[in-house]
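K.L.:
All I have is the shape, not the residue letters:
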């Protein structure tokens, strides 16, 4: 189903290095939290200049794209466009096993 965030999702996927570069994706209240295979493939300046992206933060092995209150809708669109539907269940399994890097935030 098309959403108003499809265009933003495509831009984000392209500028994190493509769906092949995404090793994992979760989100918190305001941020998309990517685990990228190769952070050097990400176009941080392009993402920071993109309407709908507040900023980008690289911290603790995560590539965080700050979206704001619409993060869950953008997350859904990114998962749909990059065919990452299974990422949520994998990250939930990881948290349940105590393997999460940041305590589930």
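P.N.:
Yep, it's here. Fair warning: this is a prediction, and the values are worked out from it, not measured in the lab. Residues are numbered from 1 along each chain as shown.
K.L.:
Grab the most central residue of the chain for me.
P.N.:
In the chain, the residue lying closest to the centroid (C-alpha atoms, centre = their mean) is residue 32, at 3.8 Å.
K.L.:
what about the nearest residue to it once chain neighbours are set aside, how many residues close to it?
P.N.:
Leaving aside its sequence neighbours, residue 32 sits nearest to residue 65 (C-beta to C-beta, 6 or more residues apart in numbering; 4.4 Å). All C-beta atoms are positioned from the backbone trio N, CA, C, and that covers glycine. Other residues near residue 65 come to 31 when the count uses other C-beta atoms under 10 Å.
K.L.:
quick revisit: bridging residues for the residue nearest to the centre of the chain?
P.N.:
Residue 32 has these beta-bridge partners by DSSP bridges: residue 27, residue 65.
K.L.:
which residues touch it?
P.N.:
12, 25, 64-65, 67, 71, 74-75, 78 (C-beta atoms under 8 Å, 6 or more residues apart in numbering).
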